[in-house]
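S.K.: Return atomic coordinates for the entry below.
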Amino acid sequence: MRPKDYDKAIEIRPAYAEAYLDRGGAYQQKGNLPEAIRDYEKAFDVAPPNPPYRKRVEKVPSALQKKQGLRPPRRSLTVRYILAMI
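M.R.: Numbers count the residues shown, from 1 in each chain. This next block holds a predicted model:
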């Protein structure tokens, strides 16, 4: 699916973490990693992390390192991810 396919679900239910997670995945597949990170962070904001979230988020830092000119994910995402693993 395309990222914009999830916009309506997010508009209707702004606290629907799965929609942010799925849209982030769609952005990540398209190579738009900054938008993917933004949506993954929002998913963490509206719902506690769980194993499917972790699997997707684990892939983001290495994908970012492969793209030139992009910085690693914001520290807040890294901290949240580490805390979720404890």
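S.K.: quick one: contacts for N32?
M.R.: P3 (Cβ atoms under 8 Å, 6 or more residues apart in numbering). In this view, the C-beta of every residue, glycine as well, is placed from N, C-alpha and C.
S.K.: Next one: it relative to R13, how far apart?
M.R.: Between N32 and R13 the distance is 23 Å, computed by Cβ to Cβ, to the nearest Å.
S.K.: what bits of the protein have low per-residue confidence?
M.R.: 48-51, 53-86 (pLDDT under 70).
S.K.: my guess is A9 contacts Y16, does it?
M.R.: Yes: applying Cβ atoms under 8 Å as the test, A9 and Y16 come out as touching, 6.0 Å apart.
S.K.: and for these two, which residues touch both?
M.R.: With Cβ under 8 Å, 6+ apart, A9 and Y16 have no common neighbours.
S.K.: And D5, how close does it get to A26?
M.R.: Distance from D5 to A26, by Cβ to Cβ: 7 Å.
S.K.: Now for E41, how many residues are close by?
M.R.: 17 (other Cβ atoms under 10 Å).
S.K.: for P34, same thing?
M.R.: 13.
S.K.: Likewise for F44?
M.R.: 20.
S.K.: Also A26?
M.R.: A26: 19 neighbours (other Cβ under 10 Å).
S.K.: With the one 10 residues further on instead?
M.R.: Using other Cβ under 10 Å, A36 is surrounded by 27 other residues.
S.K.: List the buried residues in the helix or strand where it lies.
M.R.: Using DSSP states H and E, A36 falls within helix 33-46. Using 16 or more other Cβ atoms under 10 Å as the test for burial, helix 33-46 gives 33, 35-44.
S.K.: same check, this time on stretch 4-14
M.R.: Here stretch 4-14 shows 6, 10 as buried, counting by 16+ other Cβ under 10 Å.
S.K.: Dump that stretch to PDB, restricted to CA.
M.R.: Output of stretch 4-14 as PDB, limited to C-alpha atoms (Å, rounded to 0.1, in the frame of the first residue of the first chain):
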ATOM      1  CA  LYS A   4      -1.300   8.100   1.700                       C
ATOM      2  CA  ASP A   5      -3.600   5.000   1.900                       C
ATOM      3  CA  TYR A   6      -3.200   5.200   5.700                       C
ATOM      4  CA  ASP A   7      -3.900   8.900   6.000                       C
ATOM      5  CA  LYS A   8      -7.700   8.500   6.300                       C
ATOM      6  CA  ALA A   9      -7.400   5.900   9.100                       C
ATOM      7  CA  ILE A  10      -5.100   8.300  11.000                       C
ATOM      8  CA  GLU A  11      -7.500  11.200  10.400                       C
ATOM      9  CA  ILE A  12     -10.400   9.100  11.700                       C
ATOM     10  CA  ARG A  13      -8.500   7.600  14.700                       C
ATOM     11  CA  PRO A  14      -5.400   9.700  15.500                       C
END
